[in-house]
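Undergrad: Predicted model follows, preceded by the sequence.
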Amino acid sequence: MAKKQGVQQDLSSFMAILIMTIGALVVLLVSNTLVIISNPENTQITSVITSSLYVPAPLGKGDEGGPPFPQGNTRKEPSYIDVHRDRIIIYPGEHVLPVRDLERTGNALENLLQHLEENRDEEYAILLVRPRASMVARQLAKAIRDRGIGLGQELYEEERQVNYDSRRLQPNPG
């Protein structure tokens, strides 16, 4: 009678890969849980522009022209800071401020941040970061976060235009 020969396989390397994959999934689960715990109201700040993307529907036309991203920002109105390497442009109003003027007291950015800080429940800031402007954007983001203002960031191509149509009254940033 012939004895059956079985093939023996070593699965220890597969088990190591499986353990590392489970570890990575646990890290993702913990980090997502921390985000949920730190934001109990589930307030979602995105860079979807309430005033410039929303086009109200003509009367009697149903919901045509409604918000294009209903899951996006519906509670807060954004103010934009277009960050270039040598200047920033503040929207609304298109106030151009050279980077060297950011250290002056009472500049347009300081006035805007003061306004946003006072109205942080209704407004927030979005940095539109252009190529080669990351150092300026990091410093602005830190200054905005230090004041407790909501912040969104979006990368913008060098030639892309900012189309901002505010439907609200704005303070004069200077």
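TA: Alright, I've got the coordinates.
Undergrad: Every contact and neighbour count from this point should use C-alpha atoms.
TA: Noted.
Undergrad: could you say what helices and strands the strand or helix carrying R138 packs with?
TA: R138 is part of helix 134-146 when elements are defined by DSSP states H and E. Applying 3 or more CA pairs under 8 Å, 6 or more residues apart in numbering; DSSP states H and E, we find helix 134-146 packed against strand 123-129, strand 151-155.
Undergrad: what separates it from the chain centre, distance-wise?
TA: 13 Å (CA atoms, centre = their mean, to the nearest Å).
Undergrad: what do you get for stretch 142-158?
TA: Centroid separation for stretch 142-158 versus its chain: 7 Å, with CA atoms, centre = their mean.
Undergrad: quick one: low-confidence ranges for the protein?
TA: Residue ranges of the chain with pLDDT under 70: 1-4, 39-74, 165-174.
Undergrad: Name the nearest residue to the residue most central in space within it, ignoring sequence neighbours.
TA: Using CA atoms, centre = their mean, the residue of the chain that lies closest to the mean C-alpha position is G152, 2.6 Å off. Spatially, and ignoring its direct neighbours in sequence, G152 is nearest to I126 (4.5 Å; CA to CA, 6 or more residues apart in numbering).
Undergrad: Surely the one you found and L155 touch.
TA: No - counting by CA atoms under 8 Å, I126 does not reach L155; the two are 10.5 Å apart.
Undergrad: Please, where are all the helices along this structure?
TA: 12-38, 50-53, 108-118, 134-146 (DSSP state H).
Undergrad: Quick check: which of those is buried the most?
TA: Highest mean neighbour count among these (mean count of other CA atoms under 10 Å): helix 108-118, with a mean of 19.
Undergrad: now that one and strand 123-129, what's the angle there?
TA: 140 degrees (axes from the mean of the first three to the mean of the last three CA atoms, to 10 degrees).
Undergrad: same for helix 108-118, what does it pack against?
TA: Taking 3+ CA pairs under 8 Å, 6+ apart as contact, the helices and strands that helix 108-118 lies on are strand 95-98, strand 123-129.
Undergrad: closest to Y80 out of these?
TA: When these are compared by CA to CA, strand 123-129 sits nearest Y80, at 4.9 Å.
Undergrad: How about the contacts made by A133?
TA: V83, H84, R85, D86 (CA atoms under 8 Å, 6 or more residues apart in numbering).
Undergrad: Would you check how far apart it and R85 are?
TA: With distances taken as CA to CA, to the nearest Å, A133 is found 4 Å from R85.
Undergrad: Who is E154 paired with across the strands?
TA: Taking DSSP bridges as the rule, E154 bridges to L128.
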